[in-house]
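Student: I need the structure of the sequence given here:
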Amino acid sequence: MDFMILMPLAPQLMRSLHIDAASFSLLVASYSIAAGSASFAGTFFVDRFARKLVLLSCFAGFTGGTFLCAFSESYPLLLGARIFTGFLGGIIGSQVMSLVADTFPPQVRGRATGMVMAGFSAASVLGVPAGLYLGTILGWQSAFLAIAFLAILVFFAALKVLPKGIRHLVEGRKNANDRKLLRQILSYPEHRLALLFTLLVSFSHFTIIPFLSPYMVSNVGFKEIDLSYIYMTGGGITLFTGPFIGKLSDRFGPARVYVVLILIAFIPQLCISNMPPVSIWVALIFTSLLFVFSGGRFVPSQTLTLNAVVPRYRGGFMSLNSSLMQLSSGSASYLAGKVVFALPDGKLQNYGILGISTVIFSIITIPIALKLGKAFKK
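Tutor: Just a heads-up that it's a prediction; the model follows:
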């Protein structure tokens, strides 16, 4: 929710902080780049400790960073707070996926991943519209303040219910020589292929996502408060489709499901990035399809990645994988800000170029997904 809330607040932030599209894209990218840097650093130490300990320690700092965002009164302060929050958020993400892989066998990992990814849907349905409403009525800082208080509740719930995550310690998966760890992880062809896959999937998705909300307001004709409908409808549908996609991945194989989702996702990606002023209901059909198919591909893609990992290196690999995911999405967001610009009338120009770029990079991921699927069967 903390990551997602920034994008629907884009029109408010650009107006109240007096920043342009490039500056806003840097706000989005800074979180991801910081998260990627932290995840890379985590590659060398996370397997030394229990998953739960690392996860909750970082989550506590992450909560504090969200409070800093809420009390930021200028662009430089908000940028610094986002970097701090992203740094801790990157390690959190990798530890969550490591816990999934440690807890669930490969046969049901698709379902488990789908349930975890449904958290993004829940954030879209409940958190983003509520945060957007608070931001519209009380100012954008109130959205971060609400998330920070919610994070406190989540921390104590996680403290009580999460497993300790010590399986990798019990089975002796600690890597004594950190200097050799990266070389060991990259020595497996499946690992290298999975990392390249993650990089391309993230880059293709986040090429188009950061400017979805501003484009809907400036070009399609949405009011800022109407943006909540995008996340309520899209997120509400994916609450059900996410777990269902996970089940399909377990039944038919994540590679096949991924390819189907990618091909269907081209329709909303190209339509949205070139959409003229239309009724809100027409726009919501395509944004919901974007949530379901473009966002839904992360369920089989994460399953493919988890299945490719040699268990003894899972924690370190997932940190490295998370690093590439965040750095790639941050780079895509930053470059998108260099392509898109606002005309004198406020409309965004060149968003269609980003839609085409998304399609091209998505096509490149298809043969990699199929190869990862075959490698796991062996």
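Student: where does this structure dip in pLDDT?
Tutor: Counting by pLDDT under 70, the chain shows low-confidence ranges at 120-122, 124-126, 165-179, 315, 376-378.
Student: in it, which helix has the most residues?
Tutor: Criterion DSSP state H: the longest helix present in the chain is helix 75-103.
Student: quick one: the helix or strand following it to helix 75-103, angle?
Tutor: Helices and strands here follow DSSP states H and E; after helix 75-103, the next one along the chain is helix 109-122. Compare the direction of helix 109-122 with that of helix 75-103 by axes from the mean of the first three to the mean of the last three Cα atoms, to 10 degrees and you get 150 degrees.
Student: ok, then the element right after helix 109-122?
Tutor: Next element after helix 109-122 (DSSP H and E): helix 128-138.
Student: what about that next one, distance to the chain center?
Tutor: Averaging C-alpha positions (Cα atoms, centre = their mean, to the nearest Å) puts helix 128-138 21 Å from its chain's average.
Student: cool, stretch 258-269 as well?
Tutor: Worked out by Cα atoms, centre = their mean, stretch 258-269 lies 18 Å from the chain centre.
Student: try stretch 73-88
Tutor: For stretch 73-88, the distance to the chain centre is 18 Å (Cα atoms, centre = their mean).
Student: repeat for stretch 276-284
Tutor: Computed by Cα atoms, centre = their mean, the chain-centroid distance of stretch 276-284 equals 26 Å.
Student: stretch 259-273 now?
Tutor: Worked out by Cα atoms, centre = their mean, stretch 259-273 lies 18 Å from the chain centre.
Student: coming back round to it: run the chain-centre distance for the longest helix of the chain.
Tutor: For helix 75-103, the distance to the chain centre is 10 Å (Cα atoms, centre = their mean).
Student: mind giving me the packing neighbours of it?
Tutor: helix 21-42, helix 51-70, helix 109-122, helix 298-308, helix 314-339 (3 or more Cβ pairs under 8 Å, 6 or more residues apart in numbering; DSSP states H and E). Bear in mind the C-beta positions are built from the backbone N, C-alpha and C, glycine included.
Student: deepest in the core, which of those is it.
Tutor: Among the helices and strands packed on helix 75-103, helix 298-308 has the highest mean neighbour count (mean count of other Cβ atoms under 10 Å), at a mean of 27.
Student: tell me how far that helix is from the chain's mean position?
Tutor: With Cα atoms, centre = their mean, you get 14 Å for helix 298-308.
Student: what comes into contact with that helix?
Tutor: The contact list for helix 298-308, computed with Cβ atoms under 8 Å, 6 or more residues apart in numbering, reads 97, 100-101, 106, 109-110, 113-114, 117, 190-191, 193-194, 197-198, 201, 205, 242, 245-246, 249, 254-255, 257-258, 261, 318, 321, 365, 369, 372-373, 375-376.
Student: just the buried ones from the residues you listed?
Tutor: Buried residues within the contacts of helix 298-308, counting neighbours by 16 or more other Cβ atoms under 10 Å: 97, 100-101, 109-110, 113-114, 117, 190-191, 193-194, 197-198, 201, 205, 242, 245-246, 249, 254-255, 257-258, 261, 318, 321, 365, 369, 372-373, 375-376.
Student: all helices for the stretch 201-350 of the chain, in order.
Tutor: 212-215, 227-252, 254-273, 280-289, 298-308, 314-339 (DSSP state H, counting those that start in this stretch).
Student: so which residues make contact with the first one?
Tutor: Taking Cβ under 8 Å, 6+ apart as the criterion, the residues outside helix 212-215 that touch it are 7-11, 14, 21, 24, 227, 230, 272-273, 275, 287, 290, 348, 351.
Student: the third one too?
Tutor: Contacts with helix 254-273, where a contact means Cβ under 8 Å, 6+ apart, come from 110, 208, 212, 215, 245, 248-249, 283, 286-287, 289-290, 293-294, 296-297, 299-301, 303-304, 307, 351-352, 354-356, 358-359, 362-363, 365-366, 369-370, 372-374.
Student: now Gly93: how far from Ser57?
Tutor: For Gly93, the distance to Ser57 (Cβ to Cβ, to the nearest Å) stands at 14 Å.
Student: correction: the previous question concerned Ser32.
Tutor: The gap separating Ser32 from Ser57 is 21 Å, by Cβ to Cβ.
Student: now for Ile280, how many residues are close by?
Tutor: Ile280: 14 surrounding residues under other Cβ atoms under 10 Å.
Student: with adjacent residues omitted, what lies nearest to it?
Tutor: In space, and not counting its chain neighbours, Ile280 is closest to Asp226: 6.1 Å by Cβ to Cβ, 6 or more residues apart in numbering.
Student: swap in Phe197?
Tutor: Ile368 is the one closest to Phe197 (Cβ to Cβ, 6+ apart), at 4.7 Å.
Student: state the phi and psi torsions of that neighbour.
Tutor: Recorded main-chain torsions at Ile368 are phi -70, psi -40, according to degrees, to the nearest 10.
Student: Ile19: what's its closest spatial neighbour, skipping adjacent residues?
Tutor: Nearest one to Ile19, counting by Cβ to Cβ, 6+ apart, is Tyr75 at 5.7 Å.
Student: my guess is that neighbour contacts Asp20. True?
Tutor: No. Applying Cβ atoms under 8 Å, one finds Tyr75 not in contact with Asp20, separated by 10.8 Å.
Student: which of the two has more neighbours?
Tutor: Tyr75 (17 against 12).
Student: can you give me the distance of the more buried one to Leu263?
Tutor: Taken as Cβ to Cβ, the spacing of Tyr75 relative to Leu263 amounts to 40 Å.
Student: that's all I had, so thanks and see you.
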